[in-house]
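Trainee: quick check, what structure comes out for this input:
(one chain, ligands or ions: 1)
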Amino acid sequence: MREPHLEARQVSHQFRLKPQSITVLDQVDLQLQRGQFGALIGPSGCGKSTLLRLIADILQPTAGTLTIGGDPPSRVRKRHAIGFVFQEATLLPWRTVIDNVRLPIQIARKSGLPSAASPQELIRLVGLEGFEQALPSQLSGGMRQRVSIARALVLQPEVLLLDEPFGALDEITRQRMNLELLRIWSEAGITTLLVTHSIAEAVLMADQIFVMSARPGRIIEQVPVPLARPRHLGLMREQVFFETENRVRDALFTQEIAQEPPSLQPRALPTQV
Ligand SMILES: Nc1ncnc2c1ncn2[C@@H]1O[C@H](COP(=O)(O)OP(=O)(O)OP(=O)(O)O)[C@@H](O)[C@H]1O
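Mentor: Numbers count the residues shown, from 1 in each chain. The predicted structure is shown next:
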């Protein structure tokens with residue numbers, strides 16, 4: 001068995017909310033092989049973004065260990081090897097597209113620049129050729145997220161973390177962006193973890209789907225996606241797609257039912273004797 005590239009072992013996290021603290025993540029175990037695409041799905045507030053922020057070294061776990069290629073996230077972040085795309089495109093409004101994509105290079109230069117990709121080449125990769133000199137206000141929401149993805153890739157990260165990047169987009173744009181992201185991922189070959197609320201999106205994109213419980217979040221099921229690559233929208237009509245969706249849905253809703261007050265839970269039918 002190969003060593004995982006991205007690994008969380010027994011990771012827990014508590015936030016201090018005076019006067020007490022809340023446990024957001026409880027002994028999370030997760031593994032992704034190098035170059036794999038993982039999706040994290042779970043009820044709102046179960047700690048998906050928190051887990052991504054722990055992997056990105058924006059937060060530190062209260063317990064447990066995280067490693068990327070055997071290194072702690074702090075070391076990986078210092079070599080600028082973690083790409084992060086947030087829910088909203090966090091672009092600098094006064095900078096052009098190409099200058100937003102260049103920004104991480106300019107910041108990293110101060111601490112000894114790791115190898116960087118060509119911003120122009122990345123703009124081509126995300127399909128924004130011709131918009132290099134546009135300002136964020138002159139772009140659609142989908143185009144702004146493409147700029148964010150190009151910016152996250154410019155320092156050639158070892159892992160790419162995406163926190164519901166297309167949540168604010170309409171269904172058609174979202175599906176197009178999903179396919180574009182898959183194309184970019186397959187060209188860049190980066191270990192990728194995507195947070196999503198959409199079961200279909202998780203199945204379409206991922207090699208492995210990690211289903212989380214309600215807070216405190218735990219991984220309650222890992223669902224492998226047995227679909228060939230390259231993926232295309234036609235796969236969404238195939239039996240194996242429905243079956244994988246159902247496995248994820250069952251894992252999500254079984255726990256929902258378990259948490260309902262007893263009066264709302266379905267009664268077991270009397271068995272015939
Ligand atoms: N900085 C913080 N301080 C205190 N509590 C926090 C902080 N950040 C998040 N939380 C709490 O941690 C829990 C998990 O939040 P998180 O954003 O990780 O969930 P999520 O699964 O990504 O939710 P959603 O799907 O709605 O985006 C929530 O209850 C939230 O209120």
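Trainee: just for the stretch 151-273 of the chain, where's the confidence low?
Mentor: 256-273 (pLDDT under 70).
Trainee: ends of stretch 146-164, what's the gap?
Mentor: Counting by C-alpha to C-alpha, to the nearest Å, you get 13 Å between the two ends of stretch 146-164.
Trainee: the protein: strands as residue ranges?
Mentor: 6-17, 20-32, 37-41, 63-68, 82-85, 159-163, 191-195, 208-212, 219-224 (DSSP state E).
Trainee: how close does whatever residue of the stretch 151-273 of the chain ends up closest to the ligand sit to L155?
Mentor: Distances between the stretch 151-273 of the chain and the ligand by C-beta to the nearest ligand atom are smallest at R215, namely 5.7 Å. C-beta coordinates here come from the backbone N, C-alpha and C atoms, glycine included. Here the criterion is C-beta to C-beta, to the nearest Å. By it, R215 lies 33 Å from L155.
Trainee: would you agree the residue of the stretch 151-273 of the chain closest to the ligand is in contact with V24?
Mentor: Yes: contact criterion C-beta atoms under 8 Å: R215 and V24 qualify, at 6.0 Å.
Trainee: okay, and the common contacts of the two?
Mentor: In terms of C-beta atoms under 8 Å, 6 or more residues apart in numbering, R215 and V24 are both contacted by the residues G47.
Trainee: of the two, who's got more company?
Mentor: V24 (22 against 18; other C-beta atoms under 10 Å).
Trainee: OK, contacts around the more buried one?
Mentor: H13, Q14, F15, G47, T50, R215, P216, G217.
Trainee: which of those residues count as buried?
Mentor: H13, Q14, G47, T50, R215, P216, G217 (16 or more other C-beta atoms under 10 Å).
Trainee: what segments of the protein are helices?
Mentor: All helices of the chain, identified by DSSP state H, fall at 48-55, 73-78, 97-109, 119-125, 141-153, 171-188, 199-205, 239-259.
Trainee: reformat those as TSV; add distance to the ligand.
Mentor: Formatted as TSV, the helices of the chain follow (distance: least, C-beta to the nearest ligand atom, whole Å):
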stretch	distance to the ligand
helix 48-55	3
helix 73-78	16
helix 97-109	24
helix 119-125	27
helix 141-153	16
helix 171-188	16
helix 199-205	13
helix 239-259	12
